[in-house]
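Trainee: dropping a prediction and its sequence here:
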Number of protein chains: 4
Amino acid sequence: MKTFILLLRCPDRKGIVARISAYILSKGGNMISADQYSTDPQAGELFLRIEFFIAGRDIDLAALKKGFRKIADIFKAGYKFYDKDDILRMGIFVSKPGHCLFDLLYLWRSGELDVEIPFVASNHQEHRRLVEQFGVPFYYIKSCKNNRCEKEMLSLAREADFLILARYMLVLSPKFLKDYNRDIINIHHGFLPSFKGADPYRQALRKGVKVIGATAHFVSKELDAGPIIAQAVERVSHKDDLNALKRKGKNLEKRALSDAVMHYVEHRIIRHNNKTIVFEK
Amino acid sequence: MKTFILLLRCPDRKGIVARISAYILSKGGNMISADQYSTDPQAGELFLRIEFFIAGRDIDLAALKKGFRKIADIFKAGYKFYDKDDILRMGIFVSKPGHCLFDLLYLWRSGELDVEIPFVASNHQEHRRLVEQFGVPFYYIKSCKNNRCEKEMLSLAREADFLILARYMLVLSPKFLKDYNRDIINIHHGFLPSFKGADPYRQALRKGVKVIGATAHFVSKELDAGPIIAQAVERVSHKDDLNALKRKGKNLEKRALSDAVMHYVEHRIIRHNNKTIVFEK
Amino acid sequence: MKTFILLLRCPDRKGIVARISAYILSKGGNMISADQYSTDPQAGELFLRIEFFIAGRDIDLAALKKGFRKIADIFKAGYKFYDKDDILRMGIFVSKPGHCLFDLLYLWRSGELDVEIPFVASNHQEHRRLVEQFGVPFYYIKSCKNNRCEKEMLSLAREADFLILARYMLVLSPKFLKDYNRDIINIHHGFLPSFKGADPYRQALRKGVKVIGATAHFVSKELDAGPIIAQAVERVSHKDDLNALKRKGKNLEKRALSDAVMHYVEHRIIRHNNKTIVFEK
Amino acid sequence: MKTFILLLRCPDRKGIVARISAYILSKGGNMISADQYSTDPQAGELFLRIEFFIAGRDIDLAALKKGFRKIADIFKAGYKFYDKDDILRMGIFVSKPGHCLFDLLYLWRSGELDVEIPFVASNHQEHRRLVEQFGVPFYYIKSCKNNRCEKEMLSLAREADFLILARYMLVLSPKFLKDYNRDIINIHHGFLPSFKGADPYRQALRKGVKVIGATAHFVSKELDAGPIIAQAVERVSHKDDLNALKRKGKNLEKRALSDAVMHYVEHRIIRHNNKTIVFEK
């Protein structure tokens, strides 16, 4: 038995689901779950995630994909099939704060987060021992001016299907983003769109907010402005000083980032303009 | 243009969605949303909610339903079609605490809650004036021993497609439930299954919990044990005395009950054993 | 028996609490609760709220206050005594959305919100009947250009000790704020400091946030930038369109505003720079 | 400069705070924070936590305590002074699920959780390597019938000032509790008082709750019934199967347990009957 996930988008019109589910049925597929979202059923765009399994040993994914092309052409759909057995490689960049890093490593080690981790790279040495204890290669990459060190980072990054910035304090250059050209998920320790940039907890403290948040989002050229995937929030009071906000915030950061990563790995996210559609389990 | 909602359940097997969506397409229907849930894709039960519209003036609902019967028979499905223009009649029973009652009345008056309200009935007179101000008939029904007054309540209740117990303090008899035989939604001011029965906030206070809750659920023969539809929770501390718990709890009760009622009215709930499947918007 | 609340602020130094509690004791007072907050125990500012009762019939509040002046002078403290029997008069301005208005009216009617309500004023007629049903005077004040109608509003406002803008859509002029010169609490239907100004739910929708919020704050000259008192938040998803955000938001607005009003009426709030210290029960 | 924490309880009456704060002042102390809670200001019990510092090098804690005895006698108070420089020793018992264990270890390693960890003991070998990587001694203690192995556990436990059961699956015997006679904090993966005992997530699944929770509490003789310290909750839906509940639950367990441990270590908790007073920061 093999399980597949189909992600698809197309202009909404009659009959799409009927046609696609008929196709899956014709290939012997049995739907496990189907999620759809339409921006406007009469003139909008349709987004679809279908998870299905096909019993049997010799399933021809190439034929499955090829046959689907005709349907996709009819509906002017963009789509992708994922084989659930294909494990994604997740690279991690991190600076000094290690709470998100170790939360992910432990999730991975306990079998909940089903990825390969080809490397953890950091501009600090301090996480080396613990990372290596998890059996993951650790790379120290000195930070240097004008992104001159990004070359080394890029060649590392290319070993990964996607990157996590698990509290990585340096800003990746537009050139890096362009050259890497795969998904990068960042955890921002503020409730975006409030408190972009440096030291968001200090910004929150100054403003006197009564709720703080953390935001996991795709990295885009504009700083802290890419599509939001997950946000976690918590009440605070005047009693919470900067350290208290940071401490409470760490729980939020771990939470928002691990949610986002789980959704990503299970192919539950579709980017749409500057937003995300997240078909939650 | 007319909009319909189909709720369906059947043993899960291949091709159900394909067959049903093809049928809807054949009738000129355009799917607005489709939600499905399978207890187990290989040997479980499938639950489906499809919302679709059909353009045109003379849509033959009878033919739509009749044609569907064949499909339903193939899949051994139980199902129901709802016409979105058919407004449900919601009866309300209430005792002294009026916060849920007026929350519902205001939701209704502002157009968000799309129902008719044939009556509000109470074993207290005090809500009469405000209820009547909303243009809703108010009935005072004296509470009497051994449920002797339920006859009057039952004849009232039958004017409604479903009942809300918006903090109604008397327990309806099994006979009433059997005779009425339609859905009844109760708001319980405790976090079920903890704190069933009388005075749940006092129970919570004694136990020293750090989070309280309210639970909207279908009424069943066993007290406070019917299928849960919605729950709302909030943190409390040792400082919260009984009055504080009651005050915080009122927000939770309004919240859980209005969520449950909105889901019910939009036909988003399927009862399954002693649980609910709620296809949230 | 009479109950008093003392709110006080002064530069922090040794012995303040000792001196003040000794004073209260010397007047026969018994402390019910004491909350303090220091921005920095070594060189900061201290904020204090003490609730105490004095048994007996003939309590001399004037003497109580007068005697306290000496202590306050020693510590360079600003302070105020409140007699719990003095009921505040709360004026309400509102536009079309009435959910916050009726939430407050019901809280008041049920005895939880202990204020007088001298008036509800609106630039729309539609809430008249229901407001009057609650026994509260309703004033229709036509909105006119350049705040020319603010004169009438000001003379109304002066009947109240503080004002609530319960979704009042017009911006009060700096002149009005200066002339009124008492506290005004506004509910903003966005998670400040994000989404200031008009149509915050539309802004949130465009940004694709995964959590929305509402903010109750004191009105200051700068729009939607006054000290935040309370915030309420809730998760949303891509499925939530503008109407869904508005609907979910209404619960948040009612929640944040009623929390803020309750804190205000119980003298639990101290403004400090552009922030609030809220001594929650 | 030295910082002290005073925890105190006594029958409530006039003048307690005045007398105690005068005493602290007389010893050169400067209050950092003071929290009090009274079950009933007129005839109840008063609970007090005062944090204060005394400048200077040669502070005589013995004299501080001795002098206080007189005051305590007057008010019939039970009390304890804690020197903030005295670091508590926290022992950890754990079974297979390691998420709480590593969350605590990382909190400790990053300096947020200020304790010594004399040991981690487990009835499974699998956490040995990672625990030892943190520099913490690991002990494998085979589980055996009739609590015969508790002798070894007890001698280990006595190296610790308090114990954490970080998902420890064996029930400690009444004899162990009596012999150890210090505080033990357990994390229960259910929303107590619902779902005591084994497999609470399965119980929650069967009941069809819409919110799950985790509970950190002191261990008492009665299983899962000791005083609750902290609870964390999260919404779930019909889509969440047992694995999903377990996964979501892990976040709640980490959260509730780390909150409870932080409160405990900072001497913020007072046990009162079968409840806790938690003076949160």
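Mentor: Arrived safely.

Trainee: and the strands in chain A, which stretches?
Mentor: For chain A, the strands defined by DSSP state E occupy A:2-11, A:29-38, A:45-54, A:78-83, A:88-94, A:115-116, A:120-122, A:138-140, A:162-165, A:184-188, A:211-218, A:228-235, A:269-272, A:275-278.

Trainee: nearest to residue C:97, out of these?
Mentor: Nearest of these to residue C:97, taken as Cβ to Cβ: strand A:211-218 at 22.3 Å. The C-beta positions use only the backbone N, C-alpha and C, and glycine is treated the same way.

Trainee: relative to strand A:228-235, how tilted is the closest one?
Mentor: Strand A:211-218 and strand A:228-235 are oriented at 170 degrees to each other (axes from the mean of the first three to the mean of the last three Cα atoms, to 10 degrees).

Trainee: which non-adjacent residue is nearest the closest residue to chain B within the stretch 101-250 of chain A?
Mentor: Proximity of the stretch 101-250 of chain A to chain B (Cβ to the nearest Cβ) peaks at residue A:235, 7.9 Å away. Spatial nearest neighbour of residue A:235, excluding adjacent residues (Cβ to Cβ, 6 or more residues apart in numbering or on different chains): residue A:211 at 5.6 Å.

Trainee: relative to chain C, how far out is whatever residue of the stretch 51-200 of chain A ends up closest to chain B?
Mentor: Nearest residue of the stretch 51-200 of chain A to chain B: residue A:53, at 7.0 Å (Cβ to the nearest Cβ). Distance of residue A:53 to chain C, given as Cβ to the nearest Cβ, to the nearest Å: 26 Å.

Trainee: could you check the pLDDT of that residue?
Mentor: Note for residue A:53: predicted pLDDT of 93.

Trainee: with adjacent residues omitted, what lies nearest to it?
Mentor: residue A:3 (4.5 Å).

Trainee: then residue A:147?
Mentor: Computed as Cβ to Cβ, 6+ apart, the closest residue to residue A:147 that is not its neighbour in sequence is residue A:173, at 4.3 Å.

Trainee: ditto for residue A:107
Mentor: Leaving aside its sequence neighbours, residue A:107 sits nearest to residue A:113 (Cβ to Cβ, 6+ apart; 4.1 Å).

Trainee: the one you found - how many residues pack around it?
Mentor: The number of residues packed near residue A:113 is 18, by other Cβ atoms under 10 Å in any protein chain shown.

Trainee: re earlier: quick check: the residue nearest to residue A:147 touching residue A:145?
Mentor: No: Residue A:173 is beyond contact range of residue A:145, at 11.7 Å (criterion: Cβ atoms under 8 Å).

Trainee: between these two, point out the one with more neighbours.
Mentor: Comparing residue A:173 with residue A:145 by other Cβ under 10 Å, the one with more neighbours is residue A:173, at 15 against 6.

Trainee: can you report phi and psi for that one?
Mentor: Backbone geometry at residue A:173, expressed as degrees, to the nearest 10, gives phi -70, psi 150.

Trainee: tell me the contacts of residue A:20?
Mentor: For residue A:20, the contact set (Cβ atoms under 8 Å, 6 or more residues apart in numbering or on different chains) comprises A:6, A:8, A:48, A:50, A:71.

Trainee: now with 7 Å?
Mentor: A:50, A:71 (Cβ atoms under 7 Å, 6 or more residues apart in numbering or on different chains).

Trainee: residue A:37 is in contact with residue A:49, correct?
Mentor: No: contact criterion Cβ atoms under 7 Å: residue A:49 and residue A:37 do not qualify, at 8.9 Å.

Trainee: residue A:213 is in contact with the residue of the stretch 101-250 of chain A closest to chain B, correct?
Mentor: No: with contact defined as Cβ under 7 Å, residue A:235 does not reach residue A:213; the gap is 10.7 Å.

Trainee: which of these two has more residues huddled nearby?
Mentor: Legend: neighbour count by other Cβ under 10 Å for residue A:235 and residue A:213, higher for residue A:213 (29 against 15).

Trainee: report the beta-bridge partners for that one.
Mentor: Per DSSP bridges, the residues bridged to residue A:213 are residue A:233.

Trainee: quick check: residues of chain A near chain C?
Mentor: Within chain A, the positions near chain C by Cβ under 7 Å from any Cβ of the partner chain are A:37, A:193-194, A:207-211, A:213, A:227-228, A:230-231, A:233, A:237-239, A:274-278.

Trainee: surely the residue of the stretch 51-200 of chain A closest to chain B touches residue A:1?
Mentor: Yes: using Cβ under 7 Å, residue A:53 is in contact with residue A:1, at 5.4 Å.

Trainee: more neighbours: which of these two?
Mentor: More neighbours surround residue A:53 than the other of residue A:53 and residue A:1, with 18 against 10 (other Cβ under 10 Å).

Trainee: OK, contacts around that one?
Mentor: Residue A:53 sits next to A:1, A:2, A:3, A:29, A:30, A:32 when contact means Cβ under 7 Å, 6+ apart.

Trainee: low-confidence ranges in chain A?
Mentor: Counting by pLDDT under 70, chain A contains low-confidence ranges at A:146.

Trainee: show me it divided up by domain.
Mentor: Following automatic domain parsing, one finds the domains of chain A at A:2-83, A:90-278.

Trainee: dump these to a markdown table, plus distance to residue B:79.
Mentor: Below are the domains of chain A laid out as a markdown table (distance: least, Cβ to Cβ, whole Å):
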| stretch | distance to residue B:79 |
| --- | --- |
| domain A:2-83 | 17 |
| domain A:90-278 | 29 |
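
Trainee: residue of the stretch 1-150 of chain A closest to chain C, please.
Mentor: Nearest to chain C, among the residues of the stretch 1-150 of chain A, is residue A:37, at 6.0 Å (Cβ to the nearest Cβ).

Trainee: which residue is the nearest non-sequential neighbour of that residue?
Mentor: residue A:47 (4.7 Å).
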